[in-house]
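[1] fold the following for me, if possible:
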Amino acid sequence: MSTFHLCFLLLLVSFATALTTNQTETEIQALLSFKQNLHDPLGSLDGWDSSTPFAPCDWRGISCYNTQVHELRLPRLQLSGPLTPQLSKLTNLRKLSLRSNSLNGTIPYSLSKCRRLRAIFLQYNSFSGYFPQEILTNLTDIQVLNIANNMLSGTISANVPSSLRYLDLSSNAFTGDIPSNFSGATSSRVELINLAFNKFTGQVPPSFGQLQQLEYLWLDWNMLQGTLPSALANCSSLIHFSIQGNALRGLVPSAIGALPSLQVLTLSRNNLSGLIPLSMFVNVSGTSPPSLRIVQLGFNSFTGLVSPKPGFFSALQVLDLQGNRMKGKFPSWVTNVLSLSVLDLSGNEFSGKLPVEIGGLVKLEELRVANNSLNGEIPAEILKCSSLRVLDLEGNQFSSDFPAFLGGLRSLTELSLGGNYFSGSIAPSFGNLSELETLNLRENNLTGVVPEEILKLSNLSSLILSGNKFYGAVPSSIGDLRTLKFLNMSNCGFSGTIPASIGNLLSLTTLDLSHQKFSGEVPIELSGLPNLQFISLEQNMLSGDLPEGFSSLSSLRYLNLTSNAFFGEIPATYGFLQGLLVLSLSDNRVSGTIPAELGNCSNLEVLELRSNRLTGGLPVDLSRLSHLKELDLGNNNFSGQIPEEILQCTMLTSLLLNENRLSGSIPDSISKLSNLTRLDLSANNLTGVIPESLTHIAGLRYFNVSRNSLEGEIPARLGSQFNDPSAFAMNENLCGKPLYKNCENVNKANRRRKMKKLLLMIGVAIAGALLVSLCCCCYIFSLLRWRKQLQAAASGEKKRSPARTSSGAEGGRGSSENGGPKMIMFNNKLTFAETVEATRQFDEENVLSRGRYGLLFKACFQDGTVLSIRRLPDGSVEEGAFRKEAEALGKVKHRNLTVLRGYYAGPNVRLLVYDYMPNGNLATLLQEASHQDGHVLNWPMRHLIALGVARELLEPGLLELDPESSEWEEFLLGVKVGLLCTAPDPLDRPSMTDIVFMLEGCRVGPDIPSSVDPTSHPSPA
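    Numbers count the residues shown, from 1 in each chain. All right, here's what the predicted structure looks like:
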């Protein structure tokens, strides 16, 4: 019997071991599948190997109990990828912690099969999709569920198990009602509910009041509505309740402030109203010590607060009531809450003086009462608040001399006195505020100069001095504020030049020097500020080219140079500023065109170039500015049509193109700009009708098309929407309301005007035809009369002198022709009629050459004489001048010049008579390489001709040079070099170096390489 028991026991052990071994193998495969799905850049899972002695219990992040996996913990290892459904095979898993990785995909619903799971930590990943409701339904032992900071969506409709203690669904995209179905709510052990930063809607469930152990309830930044349920006052364990950033309305239940354990109450940024109950500030029960430490009720619609009776006790440390509608005197009872460290009453309507008792708040670190109506002087007792770090009195009505005593608050890091009525100079004692980081003195009546002590505050990061009455130049020592990030000195009266030392402020992000009297150019040093995002220099007297260096500021978001005297063109390199949101260059002297590269500023929202001297067409590249909202190009010289492409900027709210020279019609597609509120096309040359589709722009608030050449009827809806006639005025052919023109009358007038134009055109055409006909008749009549005169002259001359001799006396100057003009001959006698006959009446077949000085004819007379007759263009030379020049030429005798034999100066006819040259002239031989007896002019012959011409230039009166002088040698040298430069082959021509060498060394010929001496080559033929 004992042997049987022993065998049975061994069998059970073997069976259990087999089961355990089988379960271990299943878990190993599940974990390896989990690893296979992930990207592990750090190699954290490299040790996961099934061959290890105690796999998987000796793997990183794995904890086991009785060889079974109980915990999987792999936080902050940069793991990415989806979760495998195989994790459901870890049936004994108690804790799953994969937080702070980059896991994605959906959360597998199979996790709901891990029935023993108690804690799930999947926060700070990239999970998306719906959250499996089965996890809440099936995991009855779950205590912690944290899936915050993912991208999960959908609703939470399942019952929340009573075992759950911590539920964190914050920073996702969950929608629907807040889950209120907590199983056994009265026995629920939930201690923390965080549903903040989602999209939950509806009301705060009153059933939350049954959660007796609830300590932390965070419902911030959802879309909750309704009122605060008073049932929340039953959450007796509540420590921290925050529901800011919703749309709650109504009154705050007084009982909530009386919760015995409540320490933090945040209801900011809702629509709560009425009076703030006393329980928010003091302990009203009297049965327990006050618990509230932090009360934040800012940015609501509260109208007042209930003042406590004397002798109250409060433990408040932070009281934030900013941004409400509370009126009346400053609540002086607050000065009795000695535990206060932060008091914020800014943005209300409190009036009166700041009580001197404020000095009793010795623990006060922040006092913010900005944007109220407080007046009087700042009480000197505030110096007792020695721990004060922030003092914000901006936007009140304080008035006095500059409060120099504030320099004694040595712990101050932020001091805002702007928007008051302080006067005088900035006290040098402010130089003692060595911890100061922000100094705001804007919009006061301060005068004088900026003291050097202020410019030695080494921790200063924000300096705001705008809107005062300083004078003089900005001290160059401002460049010593090396930690400065924000500098606003606008509208202060400073003059001179912008200090180049500002270029030392390498941390500067904002620079506002607008509305001053600065002159000169922008220092190039500003282009070296790597963090600069905001530049405002408008309304100064700055000049020079637009600063191209700004294109290196890759962080620049805002650039305003309006109303200065900048000139030049817009730098194309501004296209590198891809992060630029606003570019304003209006009211300068900028010229040229808009560079196409501006289309690369893909984030640009505002482009203002009004009142410059820009020209050209509107560049289509602006259509690439998909975020553009405001485009102002008015008062320039742009021309051409409005491009259809620019209408691709669908986010445009303002389009101002007035006072240019744009032409064409108004594009019908403007109606696609559905966000447009302002459209100004006035003072252009636009034609056509106003598109009916413009009435489809629902949000249009300003519209002006006056001073164009538009025609037709104004669309009825557009005319009724903009019933001011000035919006359509000075368009001659435009009619309809709101203009006082009846379209029928305008149409009749247009028809009459068109008929008049047509008749006028017909009349002009007929008159033109008659004029042309008359001119033709006159021309024909004159031609016939001239021909008759020529024939009569020729017949008369033949009767009187039928033959000619080839010689005559020198004194024979000419012969008359029936009393008309004479043909003047210097050696022999010719008549005009004989000349006409010899040229066959100047026939085209007798033309020898044509030139700018008329035609050269070959004249063959009856006696065999051959002469050349040049007929000058009709009317080219006045008769007297012609005779004088011809007489002078007749006296010139030279062996290289053709002899002038005579001339004729008749009505509209000018003739010159030369000897006939059968071989042409020198120009023909040189330029056209004409043949002479079969021989072509080669380069040596050309060389001799050039030398001969040079020698002839030495004739008296032509060129006064001594053939024996050095000037003559230099002249011949120049002629020879010129001949070398005219070699027919470009490769044979001398280089510029050779030419310089020849001219300077006075050597030509043997000293020059033969390749550049054309006289050594044969004829170019």
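[2] give me the contacts around stretch 65-78.
    Residues outside stretch 65-78 that contact it (C-beta atoms under 8 Å, 6 or more residues apart in numbering): 20, 23-24, 27, 31, 40-42, 44-45, 54, 56-57, 60-64, 87, 90, 92-102, 121. For every residue, glycine as well, the C-beta is placed using N, CA and C.
[3] and that stretch, how far apart are its ends?
    Start-to-end span of stretch 65-78 (C-alpha to C-alpha, to the nearest Å) is 27 Å.
[4] residue 556 contacts residue 579, doesn't it?
    Yes - contact criterion C-beta atoms under 8 Å: residue 556 and residue 579 qualify, at 6.8 Å.
[5] where does pLDDT dip in the stretch 1-150 of the chain?
    By pLDDT under 70, the low-scoring segments of the stretch 1-150 of the chain are 1-21.
[6] isn't residue 731 up against residue 709?
    Yes - using C-beta under 8 Å as the test, residue 731 is close enough to residue 709 to be in contact (6.6 Å).
[7] which one's more surrounded, these two?
    More neighbours surround residue 731 than the other of residue 731 and residue 709, with 22 against 15 (other C-beta atoms under 10 Å).
[8] pLDDT at residue 905, what is it?
    pLDDT for residue 905: 83.
[9] could you do residue 1019 as well?
    Turning to residue 1019, the model gives it a pLDDT of 35.
[10] what's the burial count for residue 42?
    A count of nearby residues for residue 42, using other C-beta under 10 Å, gives 10.
[11] oh, that last question was meant for residue 251, not what I typed.
    15.
[12] in space, what's closest to it - neighbours in sequence excluded?
    In space, and not counting its chain neighbours, residue 251 is closest to residue 274: 4.5 Å by C-beta to C-beta, 6 or more residues apart in numbering.
[13] what strand or helix carries that neighbour?
    Element membership for residue 274, per DSSP states H and E: strand 271-276.
[14] so residue 556 and residue 579 - more neighbours on which side?
    For residue 556 versus residue 579, the count of surrounding residues by other C-beta under 10 Å is larger for residue 556: 24 against 15.
[15] pretty sure residue 119 contacts residue 143?
    Yes - taking contacts as C-beta under 8 Å, residue 119 lies within contact range of residue 143: 6.1 Å.
[16] quickly note the distance from residue 217 to residue 178.
    10 Å (C-beta to C-beta, to the nearest Å).
[17] so in the chain, where's the weakest helix or strand by average pLDDT?
    Least confident helix or strand, the chain: strand 814-815 with a mean of 46, by mean pLDDT, DSSP states H and E.
[18] next secondary structure element downstream of that strand?
    Downstream of strand 814-815, the next assigned helix or strand under DSSP H and E is strand 823-825.
[19] so how far is that following strand off the chain centroid?
    Taking C-alpha atoms, centre = their mean, to the nearest Å, one finds the center of strand 823-825 at 81 Å from the center of the full chain.
[20] so what are the sheet partners of that strand and their directions?
    According to DSSP bridges, strand 823-825 forms sheet pairs with strand 814-815 (antiparallel), strand 900-906 (antiparallel).
[21] out of those strands, which is closest to residue 850?
    Taking C-beta to C-beta, strand 900-906 is the member of the strands paired with strand 823-825 nearest to residue 850, at 19.8 Å.
[22] which parts of that closest one are buried?
    900, 901, 902, 903, 904, 905, 906 (16 or more other C-beta atoms under 10 Å).
[23] now render the residues you listed as CSV, adding distance to residue 328.
    Formatted as CSV, these follow (distance: C-beta to C-beta, whole Å):
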residue, distance to residue 328
900, 119
901, 124
902, 122
903, 117
904, 118
905, 115
906, 116
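[24] give me the neighbour count for residue 599.
    Neighbours of residue 599 (other C-beta under 10 Å): 17.
[25] let's verify it: helix, strand, or coil?
    Three-state call for residue 599 (DSSP: H, G, I helix; E, B strand; the rest coil): helix.
[26] list the contacts of the spatially closest residue to it that is not a sequence neighbour.
    Nearest residue to residue 599, sequence neighbours excluded (C-beta to C-beta, 6+ apart): residue 621, at 3.3 Å. Counting by C-beta under 8 Å, 6+ apart, residue 621 touches 596, 597, 598, 599.
[27] confirm residue 621 sits in a helix?
    Yes - assigned with three-state DSSP, residue 621 falls within a helix.
[28] how far away is it from residue 89?
    60 Å.
[29] again with residue 919
    117 Å.
[30] of these two, who's got more company?
    Shown here are residue 919 and residue 89; by other C-beta under 10 Å, residue 89 has more neighbours (20 against 11).
[31] tell me where the stretch 751-900 of the chain has strands.
    In the stretch 751-900 of the chain, the segments counted as strands under DSSP state E, counting those that start in this stretch are 814-815, 823-825, 847-851, 854-860, 866-871, 900-906.
[32] quick one: list the elements packing against the helix or strand that the last one is followed by.
    Right, the one you point to is strand 900-906. Using DSSP H and E, the helix or strand that follows strand 900-906 towards the C-terminus is strand 909-915. For strand 909-915, the elements it packs on are helix 832-838, strand 866-871, helix 879-890, strand 900-906, judged by 3 or more C-beta pairs under 8 Å, 6 or more residues apart in numbering; DSSP states H and E.
[33] which parts of strand 909-915 are buried?
    In strand 909-915, the ones that count as buried by 16+ other C-beta under 10 Å are 909, 910, 911, 912, 913, 914.
[34] check what contacts that strand and list those residues.
    Residues from elsewhere that reach strand 909-915 (C-beta under 8 Å, 6+ apart): 823, 825, 830, 832, 835, 859, 867-872, 874, 876-877, 882, 886, 889, 898-904.
[35] at 6 Å instead, please
    Strand 909-915 is touched from outside by 867-872, 877, 882, 898-899, 901-904, with contacts defined as C-beta atoms under 6 Å, 6 or more residues apart in numbering.
[36] and for stretch 586-606?
    Here stretch 586-606 makes contact (C-beta under 6 Å, 6+ apart) with 562-564, 566-567, 569-570, 572, 575, 577-582, 608, 610-613, 616, 619, 621-622, 624-625, 627-630.
[37] in strands, which of these fall?
    Per DSSP state E, strands hold the following members of these: 566, 567, 569, 582, 608, 613, 616, 630.
[38] ranking those by neighbours, who comes first?
    Going by other C-beta under 10 Å, residue 566 tops the ones in strands among the contacts of stretch 586-606 with 23 neighbours.
[39] distance of that one from residue 56?
    Taken as C-beta to C-beta, the span from residue 566 to residue 56 is 72 Å.
[40] what of residue 743?
    Going from residue 743 to residue 56 by C-beta to C-beta gives 90 Å.
[41] okay, these two: which has more neighbours?
    residue 56 (25 against 17).
[42] that one reaches residue 62, doesn't it?
    Yes - at 5.2 Å, residue 56 counts as touching residue 62 under the criterion of C-beta atoms under 6 Å.
[43] domain-wise, how is this protein divided?
    As given by the TED database, the domain ranges for the chain are 55-201, 229-322, 822-925.
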